[in-house]
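K.L.:
sequence and predicted structure are below.
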Amino acid sequence: MLKFDELWELLTVQDESNMIEVKYGSEVGKSCRETISAFSNEPGLGGGYLILGIQDPTKSPSGQYEITGVSNPDKIQQDLTSLCNNNSFNQPLRPRITLETVEGKTIVIAYIPEVAPTEKPIFIQSIGFHKGTYRRIGSADVRCTMTDLQVFLQERQNQSYDTTPVADAFLDDLDPTAINAYRQLRAKANPNASELTLSDQDLLYSINAITRNPKNPQTYCPTFAGIILFGKMITLRRYFPMNRIDYMIVEGTEWVTNPDERYQSLTEIREPLLLAIPKLTTLVINDLPKSFHLEDNQLQRQDIPLIPSRVIREAIVNAVMHRNYRVSSPIQIIRYANRLEIRNPGYSLKPTDEIDQPGSFTRNNTIASVLHELNIAETKGTGGKTMIEAMVEANLTLPKFDSQREKDRFCLTLYTHHLVGNEEREWLKQFRTFNLDNEDTRALIILWQIGKLDNFIYRAANNVETLNASRKLTRLRDLGVLETNGKGRATYYTLDPAFQSAEQLRADQLNQDSSTANQDSLSGQSPQPNQDSLSGQSPQPNQDSSKLPPEQLSLKLFPTVEKESLEDRLASIGKRTQREEIEALILELCKRKARSSSELASLVKREWKYLLKNYIKPLVDKGLLEYTIPDKPNTPDQTYRTSRDAKKHQHPF
């Protein structure tokens, strides 16, 4: 279990997430039951923390999380234990409950472990199976759909939907060419595989492609997976007419609503997967625009697809392997002028902000197992990371993963334009006075391309951990570069309106001739933020700070610094920065406006607890910093300001 300090930091930096839920805590109510069900059921989460005695920011006067405590912690603890042990749920649960005292207030922390697949789903008895079962999606407890419930029940029996027998089908409905393709691929992957010595019937039975016919146990019939993997074209049309793959080429960058002009070409693929995957992969790669490449000392050129071949292959395999085959709808692969979209039925069982993390959740165990054994697919959950790394290596914009649980569909977008081009370089010049590092710069380029940033995008682009990404994004927000939108896992960041957006820059380029553009909008000179979080001052509305040279802009943002701007000093902080400089920066920052310890930690690039213990508290003890809430020194809402004594004695900030 995590300690309270760790949970509090996660809560204040990341907001409520898939693993933390806070309640005001006056009583154990209906919402607590829903959260307990959700934490118990969510696949791969491992459980979560239910914390009672904390006020949500939306209801707190300060607009931040506030520790309120519970009036009767022993009763709350007993009620939680009783709730999990009696008949509130379909089976007893064993939460781990602890009490913590913070600022003289007691909070209750209950860790709810995820139960084993054979025990799921956990549902609220009084509501019933269909309406009382919940999953943890992001920071919300969501009532399970019928698909969720069916998945839970099949996993409870160690089965998946693709093992369902198709009783009216026969072994003759399977394509010998596909079976032979399996043998060839399996021999290539593992020449000593035992199933290669079996007859076709025994081989298909060993991989769950056929099973005993429930109508006549003396005979065999194909399973759903057997027909999808090996079925003849006519069999696929007869039993699953909508489970095909459509490949479309659209002229331009937008979908055309006119049914007569929607696409230039359409290819429908209705073949067994073992034959369809290589055919479709080759078709898509050959259709993509190519870049010219000539190796040193080589006479023959190479035409390389703008999107790496391994990304295309991984995307297609993931689509056919993870789609929801219960839904009668085709997979659609749409090539626009600037991107490739792969849309398939079935939302992602793995949260999209964890796609870069290891761990796999499969709907179709038999199909996934066969593709894995043939080295067509991996089942370690690293496919998303592979695509991200390949796109970054090719200097392309990151893939966009869009999972819509309510509509039960998933869309992967692969862009063909490069991550860093001339336009992007010119756009970045407006941030030169901020002295951003490579990670921040890469994140801003992606913001240019797709219009928003979130924790997943930042860490995927820069290969950093979740908490580190949160701190970096918070720092960009504190610098006034980004604005925060949403809350919890739905939190994302957009560009502060004071800066020139991609659309504004492109509009300027269209409206001005090249000489004017080079002198003005592409001069690389920074606009002034709408509200500078370091100076606490707002720009004059009639001043066009984008025309100021960098040194004047620096003085405008930080008027008390004459030679080296505060931003330059912050940007130059490293691990070996002298203690006196860190202290001076803290005092300068708190002189301009009161700041929290977490905000200071982000700005001076130090771990929060370390900064609090080794810098902030000593400065308070010396009388150089003072609390803004002196009667509650340990409150999470505490901020610090430079004392009058420090200003009076002209401390060398």
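P.N.:
Right, received. Where do you want to start?
K.L.:
what's downstream of the helix or strand of the chain with the lowest mean pLDDT, the next helix or strand?
P.N.:
The weakest-scoring helix or strand in the chain, judged by mean pLDDT, DSSP states H and E, is helix 550-557 (a mean of 33). Counting by DSSP states H and E, the next helix or strand C-terminal to helix 550-557 is helix 566-571.
K.L.:
what residues sit buried inside the helix or strand just after that next one?
P.N.:
Moving toward the C-terminus from helix 566-571, the next helix or strand (DSSP H and E) is helix 579-592. Within helix 579-592, the residues scored as buried using 16 or more other Cβ atoms under 10 Å are 582-583, 585-592. (C-beta placed from N, C-alpha, C; glycine too.)
K.L.:
next secondary structure after helix 579-592?
P.N.:
That would be, after helix 579-592 and using DSSP H and E, strand 595-596.
K.L.:
tell me what that next one is packed against?
P.N.:
If contacts are counted by 3 or more Cβ pairs under 8 Å, 6 or more residues apart in numbering; DSSP states H and E, strand 595-596 sits against strand 639-642.
K.L.:
give me the helices and strands touching the strand it packs on, please.
P.N.:
Strand 639-642 packs on helix 579-592, strand 595-596, strand 625-627, going by 3+ Cβ pairs under 8 Å, 6+ apart.
K.L.:
closest to Arg238 out of these?
P.N.:
When the helices and strands packed on strand 639-642 are compared by Cβ to Cβ, strand 595-596 sits nearest Arg238, at 65.2 Å.
K.L.:
would you map out the domains in the chain?
P.N.:
4-145, 159-294+302-416, 422-557, 573-648 (automatic domain parsing).
K.L.:
what about the first one, how long is it end to end?
P.N.:
I take that to be domain 4-145. 34 Å (Cα to Cα, to the nearest Å).
K.L.:
ok, now how distant is Arg326 from Arg270?
P.N.:
Distance, Arg326 to Arg270, using Cβ to Cβ, to the nearest Å: 18 Å.
K.L.:
ok, Ser643 next?
P.N.:
76 Å.
K.L.:
contacting residues for the nearest residue to Ile616 once chain neighbours are set aside?
P.N.:
Spatial nearest neighbour of Ile616, excluding adjacent residues (Cβ to Cβ, 6 or more residues apart in numbering): Ser597 at 5.7 Å. Contacts here follow Cβ atoms under 8 Å, 6 or more residues apart in numbering; on that basis Ser597 touches 608, 611-612, 616, 638, 640.
K.L.:
what packs against the longest strand seen in the chain?
P.N.:
The residue-count maximum for a strand in the chain (DSSP state E) belongs to strand 105-113. Packing partners of strand 105-113 (3+ Cβ pairs under 8 Å, 6+ apart): helix 4-14, helix 30-41, strand 47-52, helix 73-85, strand 96-102.
K.L.:
looking at this, Ala443 is in a strand?
P.N.:
No - judged by DSSP: H, G, I helix; E, B strand; the rest coil, Ala443 forms no part of a strand; its state is helix.
K.L.:
report the buried residues of whatever helix or strand Ile277 lives in.
P.N.:
Using DSSP H and E, Ile277 sits within helix 273-287. Buried residues in helix 273-287, counting neighbours by 16+ other Cβ under 10 Å, are found at 273-277, 280-281, 284-285.
K.L.:
do the same with stretch 627-643
P.N.:
Buried positions in stretch 627-643, judged by neighbour count with 16+ other Cβ under 10 Å: 627, 635-643.
K.L.:
out of the residues you listed, flag the one nearest to Ser501.
P.N.:
Thr639 (31.7 Å).
K.L.:
the closest one bridge partners, please.
P.N.:
Taking DSSP bridges as the rule, Thr639 bridges to Ser596.
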